[in-house]
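Peer 1: Below is the sequence, then the predicted model.
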Amino acid sequence: MSEERTTGVEDAVIDPDYPLDPVPPHARRGLLPLSLVLLGFTFFTPTMLVGAQVGAAFTLGDFLLVMLLGSAVLGVYVAMLALVGARTRLTTVMLSRYTLGTQGSKLASLLLGFTQIGWYGVGVATLGNLIAEALGWGSAGATLWMVVGTVVMGTTAYFGFRGLFWLSAVSVPLMFLLAAWVVLRSVEEVGGWDAMAAIEPTDQMSTTLALTLIVGTFVSGGTQVSNWTRFARNGRQAFGAGLIAFMVGNGLMLFFGAIGAIAFGEADFVLVLYNLGLIVWGVVLLIGNIWTTNDNTAYAFSVAGAEIANWPSKKPFVVGGVAIGGLLAITGIYDSLISYLVWLSILIPPLGGTLIGDWWCRWRHGVPERAAYAFRTVEWRCLAAYAVGVAAAFTADQQGWGLPAVIGILVALAAAVALNPAWQRREEVADADGLPQRTP
């Protein structure tokens, strides 16, 4: 990464994570660091809880089929957005400025930014409660750990992609080995894989609901994958990193959670470690697991804040968002926040569908420079495509039709393409005088 510098005209700080501008060639990264950062994002304790809930309702064989299908849907969707990020070199919210207009993009920034702040609070609350439970410190101890977690987890996001990479490089391999070891212990506990496969479900759940939960675990976070894959050296690496993290990595978290629940009857993987007497390792897994996700959420809401304020540095928004997220955790908003954030999964996936559709129609050969492009205040046709996608997802959720998130993505994508007739698919660029023109 290049060091921070200042412009001679505005004397403004330029963030080395480029929250407003395309990532230059010298700052780009390969497949390994990208995959590690994204795996750190998807290695998340609540995903294991979803795996435990789904695993309790199916036999092992049926669970694996549902998990593979749900993970494939999520992985392909996120990988497509990862490719868009690598081709445009822009964050999700800056890409939204090209798709929705300068004021229309504020909707995307507010939606994505506040959602990630909420998830940051959920992560901090989970960390504080589980560590206090392990140490027997009660509610006062939980609050203390929430304060500590709020500050420490925001630190790596403050240092940008470099901080995210080094934290993930240490934590991801450790978490994977620890989880794999517990899976082997779980299989031994029930008498082998054949015995594990013969265990009957203890709960009931429709396949549609199971797929909805699996896709919903990271469909909101995955919509912002461009924030990281814009650093990729090429589109193939970005697409591959998206698949590795959101199909393979997220699928493994679901699998680990399900196996632990089947063997020990405990939905929380960290509590499985506690029950095995591995309290220290349980705390290590918990801290690494939530920290590597929360620093990515802090990174996401900070670049959204930079877009809203049109400010060249994300760092003030890291500090502000982390403070709000910590306050949400400490004030006990955790329970009501979960249902609110899950409901937002209806609102966010259609944004990804709109971005993919508009990118395919207008920007797949590249985006014009921000300073030279005549942005519209609101791109009404793209905003309409997004609204149609949200309506479709909401209707599907209310009527119990299919997967609301997937329906929202597909409808918004189709609408974005349909509302881009051939004469509008030509890219708008600025001529030498800075005036907008259309090219064939």
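Peer 2: The structure has been received and is ready for your questions.
Peer 1: Please count neighbours and contacts with C-alpha atoms only from this point.
Peer 2: OK.
Peer 1: count of residues packed around Gly326?
Peer 2: The burial count assigned to Gly326 is 26, neighbours taken as other CA atoms under 10 Å.
Peer 1: Make sure it is indeed in a helix.
Peer 2: Yes. When classified by DSSP: H, G, I helix; E, B strand; the rest coil, Gly326 is found to be part of a helix.
Peer 1: So which residue is smack in the middle of the protein?
Peer 2: Nearest residue to the geometric centre of the chain (CA atoms, centre = their mean): Gly221, 1.9 Å.
Peer 1: for that residue, what are its contacts?
Peer 2: Listed by CA atoms under 8 Å, 6 or more residues apart in numbering, the contact set of Gly221 reads Gln116, Thr297.
Peer 1: for the helix or strand encompassing Met153, packing partners?
Peer 2: Using DSSP states H and E, the element containing Met153 is helix 138-158. Packing partners of helix 138-158 (3 or more CA pairs under 8 Å, 6 or more residues apart in numbering; DSSP states H and E): helix 104-135, helix 160-190, helix 279-309, helix 315-330.
Peer 1: Can you give the distance of the last one from its chain's centre?
Peer 2: Spelled out, it's helix 315-330. 18 Å (CA atoms, centre = their mean, to the nearest Å).
Peer 1: Could you do the longest one as well?
Peer 2: The chain centroid and the centroid of helix 104-135 are separated by 12 Å under CA atoms, centre = their mean.
Peer 1: next one: stretch 239-246
Peer 2: In terms of CA atoms, centre = their mean, the gap separating the centre of stretch 239-246 from the centre of its chain is 12 Å.
Peer 1: same deal with stretch 244-260?
Peer 2: Averaged C-alpha coordinates place stretch 244-260 at 15 Å from its chain's average position (CA atoms, centre = their mean).
Peer 1: What are the buried residues along the helix holding Met153?
Peer 2: Of the residues in helix 138-158, those scored as buried under the neighbour-count criterion (16 or more other CA atoms under 10 Å) are 141-147, 149-150, 153-158.
Peer 1: what about that helix, average pLDDT?
Peer 2: Computed over helix 138-158, the mean pLDDT rounds to 86.
Peer 1: Can I get it in CSV, CA atoms only?
Peer 2: These are the backbone C-alpha positions of helix 138-158, laid out as CSV (Å, rounded to 0.1, in the frame of the first residue of the first chain):
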residue,chain,number,x,y,z
GLY,A,138,-22.1,-11.8,34.7
SER,A,139,-23.6,-8.8,33.0
ALA,A,140,-21.1,-6.3,34.2
GLY,A,141,-18.3,-8.4,32.8
ALA,A,142,-20.2,-8.7,29.5
THR,A,143,-20.4,-4.9,29.3
LEU,A,144,-16.7,-4.6,30.0
TRP,A,145,-15.8,-7.1,27.2
MET,A,146,-18.2,-5.2,24.8
VAL,A,147,-16.3,-2.0,25.4
VAL,A,148,-12.9,-3.7,24.9
GLY,A,149,-14.2,-5.5,21.9
THR,A,150,-15.6,-2.4,20.3
VAL,A,151,-12.3,-0.6,20.5
VAL,A,152,-10.0,-3.5,19.6
MET,A,153,-12.0,-4.8,16.6
GLY,A,154,-12.3,-1.4,15.1
THR,A,155,-8.5,-0.9,15.1
THR,A,156,-7.7,-3.3,12.3
ALA,A,157,-10.4,-1.7,10.1
TYR,A,158,-8.8,1.7,10.8
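Peer 1: Sounds good, over and out.
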